[in-house]
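Participant: Need coordinates for the following:
(chains A and B)
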Amino acid sequence: MSIVALTSDTLVASPGAGQIEYNGQFYGTDSNASRAQMQRLVLATSQASTSGTSIDFTGLPAWVKRITVMFNGVSTSGASNIQIQLGAGAVQSSGYLGSCSRIQNVSATTAAPSTSAFLIATINTNTDTQNGSAIFSTIGSNIWTLQGILWSGGYNAQHMFAGAVTLSGTLDRVRITTAGGTDTFDAGSINILYEG
Amino acid sequence: MATTIDGSNSVTINSGSVLGITSGTAQASTSGTSINFTDIPSWVKRITVMYNGFSTSGTSVPIVQLGSGSPTTSGYLGSASQQSGSGVSVGNFTTGCAFCNTVGAATTQRGVIVCTSLSGNTWVMTGTGSWSDNTVTTTTSFGVTLGGTLDRVRITTVNGTDTFDAGSINILYE
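Facilitator: You can find the predicted model right below:
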């Protein structure tokens, strides 16, 4: 059975806190009788992308319907493309369908297709930096879609990307890494915002 | 704001409250000339249209139309583009938010278009997509002012007669 705990300065328990704590799910019904689950929006802990070959966000709740991956001045040590993988229990490395195009100096290039991850940035050199966001939304049935645009600070270029993947189970993790998995992150920060 | 918590694990609140993300029911885009999501609540401020493996029988560009009582079929301002190694192409559309600028009957698309309430009945729509061969990326950005409160989303094609023949579509609203 769910537990409802009310704490506010108008109640006896925990005066001054002014919060509602609820172990379960809130549903709201508006004046037009429209009913929906109430907003859950969580900003994870930002991670410095200054070392290592991958950055993982794990332990994502089953109720998540959207994940925004945010990049701030992210750079790597080499020229391998930056990619994102999702996972259910473990990082999934197959089944990704999508594309990533780079526009620079009035011309466009599109990265070679990969099914092992979503490519989100085609890196020219280790001075390239990525800024922007990649947004994942679920269709249902463990199908996740991707959209996003990144500004490539080192070259004043833009990356735009999209795709979809069917996971083997309920999503619980996001990994940001590079193609090949050997180039190391050397600048910037990455965080995720997840909601449901 | 009035808030009531009762024994049914529900909260009753006045309009204007922040409610969470609701998923529509995924619809197979394997037949017909349009897919409709209706009865969207009046408090909705953002709608995410997701398409996966989407294809049609012809060369008419897929579009998203919003509506109030019925789909709005005019007044869209914006453009859609596609980028590949062979270049960039951009086109304007007025009957809906286009997935892309051009399309072939064999093209399969996946991506997302996010529709956000700007103010009143004015909505802006942006998104990116990818084609089946993974060498083309599409982008789209549109605005439209509806005649009333949004209550529906329609996915169709510019000519309205090409039929869907693959994939699935769903929405999230919040």
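Participant: Quick one: residues contacting the nearest residue to B:P62 once chain neighbours are set aside.
Facilitator: Leaving aside its chain neighbours, B:P62 sits nearest to B:F99 (4.4 Å; criterion: C-beta to C-beta, 6 or more residues apart in numbering or on different chains). To be clear about C-beta, it is placed using only N, CA and C from the backbone, and glycine gets the same treatment. Contacts here follow C-beta atoms under 8 Å, 6 or more residues apart in numbering or on different chains; on that basis B:F99 touches B:51, B:54, B:61-64, B:80, B:109, B:111, B:113, B:127, B:129, B:138, B:140.
Participant: so how far is A:S49 from the residue nearest the centre of chain A?
Facilitator: Nearest to the mean C-alpha position of chain A, by C-alpha atoms, centre = their mean, lies A:V69 at 3.1 Å. Distance, A:V69 to A:S49, using C-beta to C-beta, to the nearest Å: 11 Å.
Participant: separation between the residue nearest to B:P62 and B:V136?
Facilitator: From B:F99 to B:V136 the distance is 11 Å (C-beta to C-beta).
Participant: same check, this time on A:L171
Facilitator: On the measure of C-beta to C-beta, A:L171 and B:V136 end up 26 Å apart.
Participant: again, but for B:F164
Facilitator: Taking C-beta to C-beta, one finds B:F164 at 20 Å from B:V136.
Participant: go on, B:G91?
Facilitator: In terms of C-beta to C-beta, B:G91 sits 14 Å off from B:V136.
Participant: Between these two, point out the one with more neighbours.
Facilitator: B:V136 (23 against 13; other C-beta atoms under 10 Å in any protein chain shown).
Participant: can I see the domain layout of chain A?
Facilitator: A:1-38, A:42-195 (automatic domain parsing).
Participant: How far away from the center of its chain is the longest one?
Facilitator: If I follow you right, that is domain A:42-195. 7 Å (C-alpha atoms, centre = their mean, to the nearest Å).
Participant: shared neighbours, A:V69 and A:S49?
Facilitator: A:176, A:190.
Participant: Poorly predicted segments of chain A, please.
Facilitator: Flagging of chain A using pLDDT under 70 yields the residue ranges A:1-39.
Participant: residues in contact with the residue nearest to the centre of chain A?
Facilitator: A:84, A:133-136, A:148, A:174, A:176, A:190-192.
Participant: Point me to the helix or strand that includes it.
Facilitator: strand A:66-76 (DSSP states H and E).
Participant: helices and strands around the next helix-or-strand element following that strand, which ones?
Facilitator: Note on strand A:66-76: by DSSP H and E, the next helix or strand toward the C-terminus is strand A:82-87. If contacts are counted by 3 or more C-beta pairs under 8 Å, 6 or more residues apart in numbering or on different chains; DSSP states H and E, strand A:82-87 sits against strand A:66-76, strand A:118-121, strand A:130-140, strand A:173-178.
Participant: which strands and helices sit next to the helix or strand following strand A:82-87?
Facilitator: Using DSSP H and E, the helix or strand that follows strand A:82-87 in sequence is strand A:97-104. Packed against strand A:97-104 by the contact rule (3+ C-beta pairs under 8 Å, 6+ apart) you find strand A:107-110, strand A:118-121, strand A:143-152, strand A:157-166, strand B:77-84, strand B:122-131, strand B:137-145.
Participant: quick one: which of these is nearest B:S23?
Facilitator: For the helices and strands packed on strand A:97-104, the distance to B:S23 is smallest for strand A:143-152, at 11.4 Å, taking C-beta to C-beta.
Participant: What strands flank that closest one, and is each parallel or antiparallel?
Facilitator: strand A:130-140 (antiparallel), strand A:157-166 (antiparallel) (DSSP bridges).
Participant: then the first one to CSV, C-alphas only?
Facilitator: This points to strand A:130-140. Taking C-alpha atoms only, strand A:130-140 is exported to CSV below (Å, rounded to 0.1, in the frame of the first residue of the first chain):
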residue,chain,number,x,y,z
GLN,A,130,30.8,19.8,-28.7
ASN,A,131,28.0,21.9,-27.2
GLY,A,132,24.3,21.2,-27.3
SER,A,133,22.0,18.4,-26.5
ALA,A,134,20.7,15.0,-27.6
ILE,A,135,17.2,14.1,-26.7
PHE,A,136,15.8,10.6,-26.4
SER,A,137,12.0,9.9,-26.3
THR,A,138,10.3,6.6,-26.1
ILE,A,139,7.6,5.4,-28.5
GLY,A,140,6.9,2.5,-26.1
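Participant: What residues does A:R102 make contact with?
Facilitator: Contacts of A:R102 (C-beta under 8 Å, 6+ apart): A:108-111, A:121-122, A:152, A:157-159.
Participant: which one of the residues you listed is nearest A:S101?
Facilitator: A:S101 lies nearest to A:T110 out of these, by C-beta to C-beta, at 4.5 Å.
Participant: How about the contacts made by A:G180?
Facilitator: A:G180 sits in contact with A:S80, where contact means C-beta under 8 Å, 6+ apart.
Participant: returning to what we had before: TSV for the domains of chain A, including distance to B:P41?
Facilitator: As requested, the domains of chain A are exported to TSV (distance: least, C-beta to C-beta, whole Å):
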stretch	distance to B:P41
domain A:1-38	3
domain A:42-195	16
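Participant: roughly how far apart are A:I123 and chain B?
Facilitator: 17 Å (C-beta to the nearest C-beta, to the nearest Å).
Participant: count of neighbours near that residue?
Facilitator: 25.
Participant: Right, I'll call it a day here.
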